[in-house]
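Peer 1: fold the following, please.
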Amino acid sequence: MTEKELELLIKEREMQRIEFKASFGIEAIETACAFANAAGGYIILGLDDNGDISNLPLRDEALRDYENRIATSTEPSVAVDAEKVPFRGEYVIALKVVENPLKPVSFKGRSYIRKGSVNHKMTPAEISECHLRSTGSSMDAVTVTRGTKEDLDMDKVADYMKKANSEKRRNFDLNDDPWLILQKLEWVRSETEITRAAYLLFAKDPQIKFPQAIIHIGAFKDDGFVLDGEDISGNIQDQVEKSLSFIKRNIRRCIVITGKAEHDRYWEYPMEALRETITNAICHRDYGSPHTIQIQIIDNRIIICSPGELPFDMSIDKLLNKFHPSRPRNKIIAQAFYDMHLTEFYGSGIRRIRKECEINGNAFPTLSNEAGSFTTTYFSRQKEGSDTINSSDDTINSGNDTINDDSDTIKGGSDTINPGDDTINPGDDTINSSDDTINSSDDTINSSDDTINLSDDTINLSDDTINPSDDTINPSDDTINLSDDTINLSDDTINPSDDTINPSDDTINPSDDTINLSDDTINPGDDTINQIDYNLKQQLLKIINQKEGIKRDVLAVEVKKSIPTVARLLADLEKEGIIIYRGSKKTGGYYPIEIQDSNNK
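Peer 2: Next up, the predicted model:
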């Protein structure tokens, strides 16, 4: 390395590939281990983070000693090249670490990986992934315990072959035996050696071996009230469309009045971007994790949480790079999804998501990579001024009389429309009233900027009375939200289908009336999507791994939670055999259970 190259590294602050150490020690060996498990890097000895130069032995014997200490302390052995580099009139030592072909590399029984400017101890999942990748394999190529040929549905394999051919991604002979095709692809090795990928894609019941391979999806109010829920199971390639169908029945469509014969219609969320995100969640999740994919629809946002963080050498910053490389965790599943044109192999998913969000008028989603999962959060489409009718493709159609002006415009300055039993039922008509008043029994609809703005399909009557006689209110998928109003029905029937009556301080005062829900049930499933405890446990475990022997009170401060809450979660982790408390009450602390086992050995 030359002085100019060192200056350039310092200037660019490539902390993923360079670390400064005033002296040589254990931390330098840990850094060499982390670099060897990734793409390599440089350790600069004799230079601290502030750029101050310290005096280190520069004899050739000292350089050889640094090389030998790293080589003998790591397993597999890491080869390091040490050299003196002139720097600002002095000399420093540059230790060049190259990526090791055999991974993971460990130091004192622990493996490290570089994340930003910090060395992190690798989790068991990362160690396994690192080893498989170094051998050219992946997690989904591992065979299923006691899986057999009889577990697979050959019709599903034939469907895959047809789809791959139709998408021009493969050229299978459709007369071939599907089992032989699986063998040629090396997705099965024998009648009793079935890979995880083949089982998830083609098994008659994949959840027998992989109960976690389902999607928990639910729609909620902000207060946690469950509106709808479903557990989506079956083969993973079929879960995408099932998830999108659920989302569509629980979100709104926006109709933008443009003055054209056909109004512009948009989903509240970009459906193609959601398709891409859900597909990626299924394709790239960690199937070794016992947790499920979770999708939450909450008022103004959709949260998609997939088990497994990004691959150990990938970050959100790299992911957002327009030309980031594709690093599939599950290579066989990724290939099958590519063959069926569910995904691409070029790391282009983020670009497509960004484009679809722009087209639909949504902000780019937020991304989170922590606590053992990757989470994508979409926010609902913003209204364009006042020109949006926000509804679920519903029609306001009441009474017997119709004002239908055949694309004419009713314009008036301070005019009054006072109908009795008339109905405003426009097709492609525009009601364009600036400060006009529709005055029906002391009610005022006052729309400025030519807008009828029904937010969330709500009929909101203030101090008014709907008193029909022998009429039927039969809304579909709408919400009647009455504030201080009275529905006084005489021999009437409220017969909603899958609808919600959510009154606030309202009175339902029927006289001999019937509420007949037609055997409809709000059945959100037996599961609650609530990752709060799980996320906190993962935070606690991460801190304990980094700060062995940490006390409970300090953990509470670290995660910003109360001591009773932290104590409860720590007790759960102890019961699960993940951590252990060692020492006295005053001086003891929490340790990862794997470290306790290692010390016993």
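Peer 1: what helix or strand is the closest residue to residue 561 other than its chain neighbours on?
Peer 2: Leaving aside its chain neighbours, residue 561 sits nearest to residue 536 (6.6 Å; criterion: CB to CB, 6 or more residues apart in numbering). Yep, even glycine has a C-beta here, placed from its N, CA and C like the rest. Residue 536 is located in helix 532-546, with elements delineated by DSSP states H and E.
Peer 1: tell me what that helix is packed against?
Peer 2: In terms of contacts (3 or more CB pairs under 8 Å, 6 or more residues apart in numbering; DSSP states H and E), helix 532-546 is packed against strand 118-121, helix 552-559, helix 563-575, strand 589-592.
Peer 1: could you list the buried residues of it?
Peer 2: Of all the residues in helix 532-546, those buried under the rule 16 or more other CB atoms under 10 Å are 534, 535, 536, 537, 538, 539, 540, 541, 542, 544, 545.
Peer 1: how about the second one, what does it touch?
Peer 2: This points to residue 535. Counting by CB atoms under 8 Å, 6 or more residues apart in numbering, residue 535 touches 371, 373.
Peer 1: do the first one as well
Peer 2: Contacts were defined as CB under 8 Å, 6+ apart; by that measure residue 534 touches 291, 371, 372.
Peer 1: got a list of what the residue nearest to the first one when sequence neighbours are not counted touches?
Peer 2: Computed as CB to CB, 6+ apart, the closest residue to residue 291 that is not its neighbour in sequence is residue 307, at 4.3 Å. Contacts of residue 307 were listed using CB under 8 Å, 6+ apart, and they are 212, 285, 286, 289, 291, 292, 293, 372, 373.
Peer 1: show me what residue 307 is bridged to.
Peer 2: With DSSP bridges applied, residue 307 shows beta-bridge pairing to residue 373.
Peer 1: any chance of the contacts of residue 534 in CSV with neighbour count, pLDDT and distance to residue 356 as columns?
Peer 2: As requested, the contacts of residue 534 are exported to CSV (neighbours: other CB atoms under 10 Å; pLDDT from 0 to 100; distance: CB to CB, whole Å):
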residue, neighbour count, pLDDT, distance to residue 356
291, 17, 95, 27
371, 19, 86, 27
372, 21, 88, 28
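Peer 1: which one of these is nearest residue 223?
Peer 2: Residue 223 lies nearest to residue 371 out of the contacts of residue 534, by CB to CB, at 24.0 Å.
Peer 1: dihedrals phi and psi, that closest one?
Peer 2: phi 60, psi 30 (degrees, to the nearest 10).
Peer 1: right, and residue 240 touches residue 275 too?
Peer 2: Yes. Using CB atoms under 8 Å, residue 240 is in contact with residue 275, at 6.4 Å.
Peer 1: pLDDT weak spots in the stretch 201-350 of the chain?
Peer 2: 256-263, 345-346 (pLDDT under 70).
Peer 1: quick check, residue 212 in a helix?
Peer 2: No. Going by DSSP: H, G, I helix; E, B strand; the rest coil, the assignment for residue 212 is coil, not a helix.
Peer 1: so how far is residue 308 from it?
Peer 2: Between residue 212 and residue 308 the distance, using CB to CB, to the nearest Å, works out to 11 Å.
Peer 1: tell me which of these two has more neighbours.
Peer 2: Between residue 212 and residue 308, residue 308 has the larger neighbour count (other CB atoms under 10 Å), namely 23 against 15.
Peer 1: any idea how far the more buried one lies from residue 25?
Peer 2: Taking CB to CB, one finds residue 308 at 34 Å from residue 25.
Peer 1: name the element the nearest residue to residue 320 once chain neighbours are set aside belongs to?
Peer 2: Once flanking residues are discounted, residue 320 sits nearest to residue 350: 6.3 Å by CB to CB, 6+ apart. Element membership for residue 350 (DSSP H and E) is helix 349-360.
Peer 1: mind listing what's buried along that helix?
Peer 2: Quick answer for helix 349-360 (16+ other CB under 10 Å): 349, 350, 352, 353, 354, 356, 357, 360.
Peer 1: circling back: adding distance to residue 234, write the contacts of residue 307 out as CSV.
Peer 2: Compiled in CSV, those are given as follows (distance: CB to CB, whole Å):
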residue, distance to residue 234
212, 14
285, 16
286, 20
289, 19
291, 18
292, 14
293, 13
372, 25
373, 22
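Peer 1: which of those residues lies closest to residue 135?
Peer 2: Closest to residue 135, out of all of the contacts of residue 307 and judged by CB to CB, is residue 286, at 18.2 Å.
Peer 1: that closest one is in contact with residue 312, isn't it?
Peer 2: No. With contacts counted by CB under 8 Å, residue 286 stays clear of residue 312, the gap being 11.8 Å.
Peer 1: pLDDT weak spots in the stretch 1-150 of the chain?
Peer 2: 12-15, 49-51, 57.
Peer 1: tell me where it has strands.
Peer 2: 18-21, 41-45, 74-75, 80-87, 90-97, 106-107, 110-115, 118-121 (DSSP state E, counting those that start in this stretch).
Peer 1: how about CSV for the ones you listed, with mean neighbour count added?
Peer 2: Listed next are these as CSV, based on neighbours: other CB atoms under 10 Å:
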stretch, mean neighbour count
strand 18-21, 21
strand 41-45, 23
strand 74-75, 18
strand 80-87, 17
strand 90-97, 20
strand 106-107, 20
strand 110-115, 21
strand 118-121, 17
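Peer 1: could you measure from residue 573 over to residue 294?
Peer 2: 21 Å.
Peer 1: avg pLDDT for stretch 584-594?
Peer 2: Here stretch 584-594 scores 79 as its mean pLDDT.
Peer 1: and it, which residues are buried?
Peer 2: So for stretch 584-594, counting by 16+ other CB under 10 Å, buried means 589, 590, 591, 592.
Peer 1: same deal with stretch 223-231?
Peer 2: In terms of neighbour count (16+ other CB under 10 Å), stretch 223-231 has its buried residues at 226, 228, 229, 230.
Peer 1: output it as CSV, nothing but the C-alphas.
Peer 2: Written as CSV, here are the backbone C-alpha positions of stretch 223-231 (Å, rounded to 0.1, in the frame of the first residue of the first chain):
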residue,chain,number,x,y,z
ASP,A,223,-56.4,0.6,19.0
GLY,A,224,-55.7,-3.1,18.2
PHE,A,225,-59.2,-4.1,17.4
VAL,A,226,-59.1,-7.0,14.9
LEU,A,227,-61.2,-6.4,11.8
ASP,A,228,-60.2,-9.4,9.8
GLY,A,229,-57.5,-12.1,9.8
GLU,A,230,-56.3,-15.2,8.0
ASP,A,231,-53.6,-17.8,8.1
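Peer 1: name the nearest of the buried residues of helix 349-360 relative to residue 301.
Peer 2: So of the buried residues of helix 349-360, ranked by how close each gets to residue 301 (CB to CB), first place is residue 357, at 13.4 Å.
Peer 1: residue 366 is in contact with the closest one, correct?
Peer 2: No. Checked against CB under 8 Å, the pair residue 357 and residue 366 is beyond contact range at 11.7 Å.
Peer 1: could you chop the protein up by domain?
Peer 2: Split into domains by automatic domain parsing, the chain comes to 3-122, 140-393, 408-515, 532-600.
Peer 1: which one of the ones you listed lies closest to residue 128?
Peer 2: domain 140-393 (7.3 Å).
Peer 1: now the closest one, how far from the chain's geometric center?
Peer 2: 10 Å (CA atoms, centre = their mean, to the nearest Å).
Peer 1: and if you look at stretch 37-47?
Peer 2: Averaging C-alpha positions (CA atoms, centre = their mean) puts stretch 37-47 33 Å from its chain's average.
Peer 1: gap between the two ends of it?
Peer 2: Stretch 37-47 has an end-to-end distance of 24 Å (CA to CA, to the nearest Å).
Peer 1: redo the strands of the stretch 1-150 of the chain as TSV? Include distance to residue 280.
Peer 2: Formatted as TSV, the strands of the stretch 1-150 of the chain follow (distance: least, CB to CB, whole Å):
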stretch	distance to residue 280
strand 18-21	32
strand 41-45	29
strand 74-75	35
strand 80-87	38
strand 90-97	32
strand 106-107	31
strand 110-115	21
strand 118-121	24
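Peer 1: quick check: residue 329 is in a helix.
Peer 2: No. Residue 329 sits outside any helix when classified using three-state DSSP, being coil.
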